[in-house]
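Participant: Sequence first, predicted coordinates after that:
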Amino acid sequence: MARDWNDLFITKAGVTAAASAEEAAAAPEKKRRFFKRLRENMAKTREALGAELQATLFEGDIDEDTWERLEEALIMADVGAQTTAKVVGQLEQEATEGGLVGGEALSQRLTELLADIARTGDGRIDVSHGPTVIMTIGVNGTGKTTTIGKLAWHLQKELGLTVVLGAADTFRAAAVEQLEQWSVRAGCEIVKGPEGSDPGSVAFEAVKRGREIGADVVIVDTAGRLHNQDHLMEELAKIRRVIGKQLADAPHETLLTVDSTTGQNGLRQAQLFSQAVPVDGIVLTKLDGTAKGGIALAIAAETGIPVKLIGIGEALEDLRPFDADDFAAALLSRGD
Ligand SMILES: Nc1nc2c(ncn2[C@@H]2O[C@H](COP(=O)(O)OP(=O)(O)OP(=O)(O)O)[C@@H](O)[C@H]2O)c(=O)[nH]1
């Protein structure tokens, strides 16, 4: 149950200190707490799946209405028409063949199918490159800067790795300031340029600095203004090339932040950005503020890009590794 940060990151052997006996003993309780919070914070999406549907799933008999109600509820939760049709079709077939009897069995199978859809690849992040360069991209306001800050915090404070931040969103002084605050909190260095300077050169300097001090991870922030799409996409491709000049094979990981409250629009953003640069993982933020949490499934199913992290609130502990089984269970579970 519930992946933690050690499950998300692939580190160089020996870098991550083995958990103490005390930590190991506390782990199951910690994971239970995580799941409880996930479930609570995803209440809006769960409610969107409908009380009626809940009753159907857990208590009702399966009949013609069941499929229609299920379809409607999944579409309302932004799971997407294609994915919904696939899931409901599969369940209907299994019920016809006699493999599913009663609401409880249906609910269990639905949870399994949704988890299978949400799981794309192993969803891990390899930070063993020394330094590993993580480039973060996404539209302004999706939670990119906070995601970088929280990631840096976990890498530095929990995994004991050395991080350098690169403030390559040079168009917004506020973004640089915000990142600077996070660098203080996480206790890591930040490389920035003058306002309006070339984002590529800031990214280049950040990777250079990471190499100089023997950092484990360099996280590069980028701008996300969508008003001039072509220009933005060109800029991102250029930053990638420049990073590659400083360190062959880098960036090793490109993470796209998507605001889940934007629903299907988030899916379009994932498609758009992944056409411009290869995207290795999605950070799906603001799942706490939306009834459209099903978008995680639509993104995974329709882009094939794994959701690696989710944001379920503004607190530090509210950014966490994505766990497909927990996610599906939190969507459909009832009671405490
Ligand atoms: N409720 C909630 N708020 C979040 C989450 N993630 C980020 N936020 C908030 O969303 C707002 C925007 O986040 P930023 O990190 O500034 O977004 P950004 O994409 O960097 O945007 P710019 O700074 O405008 O480039 C902030 O107020 C964050 O605290 C989340 O998972 N849940």
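Facilitator: Right, received. Where do you want to start? All values derive from a computational prediction rather than experimental measurement.
Participant: number of nearby residues for the nearest residue to residue 291 once chain neighbours are set aside?
Facilitator: Distances taken as CB to CB, 6 or more residues apart in numbering put residue 48 closest to residue 291, at 3.7 Å, once the chain neighbours are dropped. C-beta coordinates here come from the backbone N, C-alpha and C atoms, glycine included. Neighbourhood size, residue 48 [other CB atoms under 10 Å]: 19.
Participant: Residue 48 and residue 320: what is the separation?
Facilitator: As judged by CB to CB, to the nearest Å, residue 48 and residue 320 stand 22 Å apart.
Participant: so where do the strands sit in the stretch 51-200 of the chain?
Facilitator: Assigned strands in the stretch 51-200 of the chain, in chain order: 125-126, 132-137, 163-167, 189-191 (criterion: DSSP state E, counting those that start in this stretch).
Participant: Least reliable of those by average pLDDT, please.
Facilitator: The stretch with the lowest mean pLDDT among those is strand 125-126, at a mean of 94.
Participant: hmm, who's touching it?
Facilitator: 8-10, 132, 134, 252-253, 280-281, 308 (CB atoms under 8 Å, 6 or more residues apart in numbering).
Participant: try stretch 183-192
Facilitator: 149, 152-153, 155-157, 162-167, 170, 176, 179-180, 202, 205-206, 209, 213, 215.
Participant: Weed out the non-buried ones from those residues.
Facilitator: Buried subset of those (neighbour count, 16 or more other CB atoms under 10 Å): 149, 152-153, 155-156, 162-167, 170, 176, 179, 202, 205-206, 209, 215.
Participant: coming back round to it: to residue 90, which of the strands of the stretch 51-200 of the chain lies closest?
Facilitator: Proximity to residue 90, assessed across the strands of the stretch 51-200 of the chain by CB to CB, is greatest for strand 125-126 (30.8 Å).
Participant: circling back to that earlier point, filter the buried ones among the contacts of stretch 183-192 down to just the ones in helices.
Facilitator: Of the positions in the buried ones among the contacts of stretch 183-192, 149, 152-153, 176, 179, 202, 205-206, 209 sit in helices, assigned by DSSP state H.
Participant: Give the residue spans of the stretch 101-250 of the chain that score low on pLDDT.
Facilitator: Residues of the stretch 101-250 of the chain meeting the criterion pLDDT under 70: 227.
Participant: which bits of it sit near the ligand?
Facilitator: Residues of the stretch 101-250 of the chain found near the ligand (CB under 6 Å from any ligand atom) are 138, 140-146, 169, 175, 178, 224.
Participant: okay if I get those residues as JSON lines plus neighbour count?
Facilitator: Below are these laid out as JSON lines (neighbours: other CB atoms under 10 Å):
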{"residue": "138", "neighbour count": "28"}
{"residue": "140", "neighbour count": "15"}
{"residue": "141", "neighbour count": "13"}
{"residue": "142", "neighbour count": "25"}
{"residue": "143", "neighbour count": "20"}
{"residue": "144", "neighbour count": "28"}
{"residue": "145", "neighbour count": "27"}
{"residue": "146", "neighbour count": "20"}
{"residue": "169", "neighbour count": "26"}
{"residue": "175", "neighbour count": "21"}
{"residue": "178", "neighbour count": "19"}
{"residue": "224", "neighbour count": "24"}
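Participant: That concludes my questions; thank you for your assistance.
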